[in-house]
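J.: Sequence and predicted model, in that order:
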Amino acid sequence: MINIINKIEKIPSIKFSLSFLIVTILFGILFINLINLQVVNGNENLFLSSTIKTSEVTIRATRGLIYDREGNWLVVNKPSFKLIIDLTQLPPEKEKEVVSLLAKIIEVNYEDVSKDFYNKAYDKSNNRVKVSQITLLNDVDRDKILSIHSQIDKLPGVYIEVSTTREYTKSDLYAHIIGYVREVTAEELTNRTFSVGDMIGAVGLEQYYDEYLRGINGKRIIETDKNETTIRELFPIEAKSGKNIRITMNSDIQEHLTEFLKQGIERNNADGGAAIILDVDNGEIISLVSLPSYDPNKIIEGLSMSEYQDLYNDPSLPLYNRAVSMAQPPGSTFKTVVASAALEEKAIEPSTVFDSQGCMEIGAGYLFCEVGKAKLGKLDFYNGIARSSNIYFCNTMLKLGIDKLDEYADDFGLGQKTGIDLYGEQAGVVSSKEVKKSLQGEEWYLGDSCNTAIGQGLMRVTPIQMVGWVAAIANGGIYYKPHLAKSIVDEDGKDIEIFEKQVVHTLPISSNNLKIVREGMYLVVNDPWGSAFPLRGLKSDPAAKTGSAEAYRNVNGKYETQGHSWIAGFFPYKAPKYAFVVYLEFGGWGFKSAEVMRDFLKWYENEYSTQ
């Protein structure tokens, strides 16, 4: 029994001794290696540590593509070369010499390149920006890249980045919708999601959906020796490509509406114009045109500062999206809103008659008149809107009251942004007692009410607002949010995420009263006295309302009273599918815009007659 106990007691002792021996050996090995590293090979390892360089390389995400509703490419990515300058490697005293040589090699004006360099490399206080690198030029020609390489030893801090750049395949048609990209600024680089040289949306859908399109950059951490030879790559993070977007627009319709609007502008000596076609059942924009326009490809290829300033200061405003940003008096198109409100408030009935004797006195000897003081006689509602009688709608307004109209104007989306997926939209102005007091410091008079009734005075609307309210009249009272993005699509063009239609609200107007307004708009086209007579007899069977809004135009340094031309409507009359608006800036009478829509509808009927 004693021997067995002694054996049991010796077992833990043996295990402890064995463990102690193993630990001692391991520490001995570590100690020998430490001496070897620090003493035997210390100088060599110190040299290696001082010559090995670790750097982080950004792997740029591929930006998502943009398609039209039929799946045609509107934006693609193409290989390109960027001319980069690393400011940490370019001494300030060498700047002029390097920029001058670069201008000579790439055959551009030194003044322009120099100005671009200093605008990017220096802040407003004339201090160098804190970022290490700037992009001097995008999309540089391959032959010029080879010339730069041949003299790279004379160009400290200059190097070439192989990248991609955007190409807008239908730039003349979609500039104001898709927009273009630009390089991130020094201030934006404080956002950790950006890297030097990243391209982000500047305007249009490129800007609005930038987070969808941009993707997420990856990175590689690379160790190189003194000869810049890569020793190893650590922790690579793959880039995640941006999402592809399909939009609601039809390129065939966009092309032809653009051409007919351009002809209308030239024919009527207008300053510019806009046109929109919208699906009344969901708010999808089928076409949106703003003229004059510009070529975004030229901007991203690299306009000089002076060239961009010329474009920016062009008096024809090619960078300005008139469809969403141009707020102007709507003229008599606004009578459709007044009529809807007056019928709902029972201020008038379809049978209500007012007598037009050319002019009417509305207080203090002030006369309110028809166009040309024409005596139109006794008019019911249908005749009043068909002949666009100012007297009829002045009387209607006096019964309705400006305060009540303002409530309905809000329901029709006026004085507020529609929420279209484009930045830069203007809210416009709704005439009211408060607005007049604020802007002009004056009280409200009866003449103000009558001016408002015919879309003059302080009232300001945009084309996108106008097509929105007409669509709500056409579809029976549902106000949809206008939108351009239709879906997110995969690499094969298949929808993977749908942008659903959004109901903003329902108009507080009965279906019967909206039907009466639609009947009135039908007569504007088809009545012998109707002002939208150019649309008469078309197979598409449109209903509409024209407008001629007085405004002041600068002609040879003098301001003259001229008119903006409007038409807004829908087709076909019996089963409305599309709402439309055409605006000609200083284009004259409303029927001038109707001529543009007539030309488009004739083409449309022939092209889509069986669809």
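T.: The structure has been received and is ready for your questions. Please read these numbers as outputs of a predicted model, since none were measured by experiment. Numbering: from 1, shown residues only.
J.: residues touching residue 135, list them.
T.: 82, 83, 84, 120, 183, 197 (CB atoms under 8 Å, 6 or more residues apart in numbering). Glycine gets a C-beta too; all of them are placed from N, C-alpha and C.
J.: again, only this time at 6 Å
T.: Shown in contact with residue 135 (CB atoms under 6 Å, 6 or more residues apart in numbering): 82, 84, 183, 197.
J.: Now do the same contact list for the first one.
T.: In other words, residue 82. Contacts here follow CB under 6 Å, 6+ apart; on that basis residue 82 touches 135, 138, 161, 163.
J.: out of those, which are buried?
T.: 135, 138, 163 (16 or more other CB atoms under 10 Å).
J.: Could I get the residues you listed in JSON lines, plus columns for secondary structure, pLDDT and distance to residue 150?
T.: JSON lines is the format used below for the buried ones among the contacts of residue 82 (DSSP: H, G, I helix; E, B strand; the rest coil; pLDDT from 0 to 100; distance: CB to CB, whole Å):
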{"residue": "135", "secondary structure": "strand", "pLDDT": "80", "distance to residue 150": "21"}
{"residue": "138", "secondary structure": "coil", "pLDDT": "75", "distance to residue 150": "21"}
{"residue": "163", "secondary structure": "strand", "pLDDT": "78", "distance to residue 150": "21"}
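J.: any idea which of those residues is closest to residue 475?
T.: Proximity of these to residue 475 was ranked by CB to CB; the top entry is residue 138 with 45.1 Å.
J.: low-scoring stretches of this structure, by residue?
T.: 1-51, 53-57, 191-192, 222-231, 233-235, 609-611 (pLDDT under 70).
J.: Please report how far the residue positioned nearest the centre of the chain lies from residue 472.
T.: Here the mean C-alpha position of the chain is nearest to the C-alpha of residue 204 (CA atoms, centre = their mean), at a distance of 2.3 Å. Counting by CB to CB, to the nearest Å, the separation of residue 204 from residue 472 is 26 Å.
J.: Looking at the contacts of residue 135, which are in strands?
T.: In strands, judged by DSSP state E, the following of those are found: 82, 84, 183.
J.: can you tell me which residues contact the last one?
T.: Shown here is residue 183, whose contacts under the criterion CB under 6 Å, 6+ apart are 135, 199.
J.: can you rerun that using 10 Å?
T.: Residue 183 sits next to 82, 120, 134-135, 138, 194, 196-200, 202, 300 when contact means CB atoms under 10 Å, 6 or more residues apart in numbering.
J.: which one among those gets closest to residue 338?
T.: Distance from residue 338 was checked for each of the contacts of residue 183 by CB to CB. The minimum falls on residue 202, at 39.9 Å.
J.: what's the nearest residue to the closest one if we skip its chain neighbours?
T.: The spatially closest residue to residue 202, leaving aside those adjacent along the chain, is residue 182, at 4.1 Å (CB to CB, 6 or more residues apart in numbering).
J.: Going along the chain, name the strands of the stretch 151-300 of the chain.
T.: Assignment of strands within the stretch 151-300 of the chain using DSSP state E, counting those that start in this stretch yields the ranges 158-168, 181-183, 199-201, 218-224, 230-237, 244-247, 272-279, 285-291.
J.: What of the stretch 501-611 of the chain?
T.: With DSSP E, counting those that start in this stretch as the criterion, the stretch 501-611 of the chain has strands spanning 503-506, 543-555, 558-571, 578-585.
J.: ok and the third one relative to strand 543-555, angle-wise?
T.: Note on geometry: by axes from the mean of the first three to the mean of the last three CA atoms, to 10 degrees, strand 558-571 and strand 543-555 are set 160 degrees apart in direction.
J.: Run through the residues that contact the residue nearest to residue 592 when sequence neighbours are not counted.
T.: Residue nearest to residue 592 in three dimensions, not counting chain neighbours: residue 565, with 4.4 Å by CB to CB, 6+ apart. Taking CB under 10 Å, 6+ apart as the contact definition, residue 565 lies against 264, 268, 270, 273, 331, 546-549, 582-596.
J.: same thing but 7 Å
T.: Listed by CB atoms under 7 Å, 6 or more residues apart in numbering, the contact partners of residue 565 are 548, 584, 587, 588, 589, 590, 592, 593.
J.: So what sits opposite it in the bridge?
T.: For residue 565, the beta-bridge partners under DSSP bridges are residue 548, residue 584.
J.: State the distance from it to residue 542.
T.: Distance from residue 565 to residue 542, by CB to CB: 17 Å.
J.: related to what we said a few turns ago, between the contacts of residue 565, identify the one with the most neighbours.
T.: For those, neighbours were counted using other CB atoms under 10 Å, and residue 593 has the most, 33 neighbours in all.
J.: list the contacts for it?
T.: 546, 565, 566, 567, 582, 583, 584, 587.
J.: Also residue 506?
T.: By CB under 7 Å, 6+ apart, the contact list for residue 506 reads 477, 478.
J.: repeat for residue 120
T.: So residue 120 contacts residue 134 (CB under 7 Å, 6+ apart).
J.: Run a quick neighbour tally on the residue nearest to residue 359 when sequence neighbours are not counted.
T.: For residue 359, the nearest residue in space outside its immediate sequence neighbours is residue 369; the separation is 4.0 Å by CB to CB, 6+ apart. By the criterion of other CB under 10 Å, residue 369 has 16 neighbours.
J.: With the one 5 residues further on instead?
T.: By other CB under 10 Å, 16 other residues sit near residue 374.
J.: Quickly note the distance from it to residue 570.
T.: With CB to CB as the criterion, residue 374 and residue 570 are 28 Å apart.
J.: Likewise for residue 527?
T.: Looking at residue 527 against residue 570, where the rule is CB to CB, the gap reads 17 Å.
J.: what about these two, which has more around it?
T.: Here residue 527 and residue 570 are compared on neighbour count by other CB under 10 Å; more neighbours surround residue 570, at 25 against 18.
J.: With that, I have no additional questions.
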